[in-house]
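Colleague: sharing a model that was predicted from the sequence below.
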Amino acid sequence: MARHILKNAVVTLGGTAIDGVRQMEIEETVSDVDLTAAGDSWQDHDTGIPGWTATLTVLLDHEAGANQTLRAGDVLDFEGYTEGDASGKTYWSGSVSILSHKLGGSYDGEGTRDYSCKGKGALASATVAA
């Protein structure tokens, strides 16, 4: 049984690898439209246009230039590698808008930056070439 623990995760935004990735989530979504009419015995629906979002949590690191310049409103190319970026590994890519940027942490924990991204166009899946 294959298992992934994301310890080799790599995320690039705008072609620059993001330092200190702690968490990455990619979600594909599609809206639905209710087609049920009065008197129907079962609900019916149709699907709309698909979309996708990504969320990232990275360690707060004032020495890591790539992590310090990202702000809400930026539009960048996204690549997310769940197993690392070695030959033969699968990755996800597309263009994203950064919708939110949050800084946080606690007095006895690590400082983090959280980014919420929304896909602009299709989310592609590919394999890293040799």
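Modeller: Looks like it came in fine.

Colleague: go through stretch 36-51 and flag the buried ones.
Modeller: For stretch 36-51, the neighbour count (16 or more other CB atoms under 10 Å) marks Gly51 as buried. Placement of C-beta: from N, CA and C, glycine included.

Colleague: contacts for it next, please.
Modeller: Residues outside stretch 36-51 that contact it (CB atoms under 8 Å, 6 or more residues apart in numbering) are Glu28, Thr29, Val30, Ser31, Asp32, Val33, Asp34, Leu35, Lys118, Gly119.

Colleague: next up, the contacts around the second one.
Modeller: In this case it means Thr29. By CB under 8 Å, 6+ apart, the residues touching Thr29 are Pro50, Gly51, Trp52, Thr53.

Colleague: one more: the third one?
Modeller: Taking CB under 8 Å, 6+ apart, we find Val30 in contact with Thr47, Gly48, Ile49, Pro50, Gly51.

Colleague: now, which of those lie within strands?
Modeller: Cross-referencing these against strands under DSSP state E gives Thr47, Gly48, Ile49, Pro50, Gly51.

Colleague: so for stretch 86-94, what gets flagged as buried?
Modeller: Buried residues in stretch 86-94 (16+ other CB under 10 Å): Tyr91, Trp92, Ser93, Gly94.

Colleague: what of stretch 117-130?
Modeller: By neighbour count on 16+ other CB under 10 Å, the buried set for stretch 117-130 is Cys117, Gly119, Leu123.

Colleague: separation between the last one and Glu79?
Modeller: By that I understand Leu123. Distance of Leu123 to Glu79, computed by CB to CB, to the nearest Å: 11 Å.
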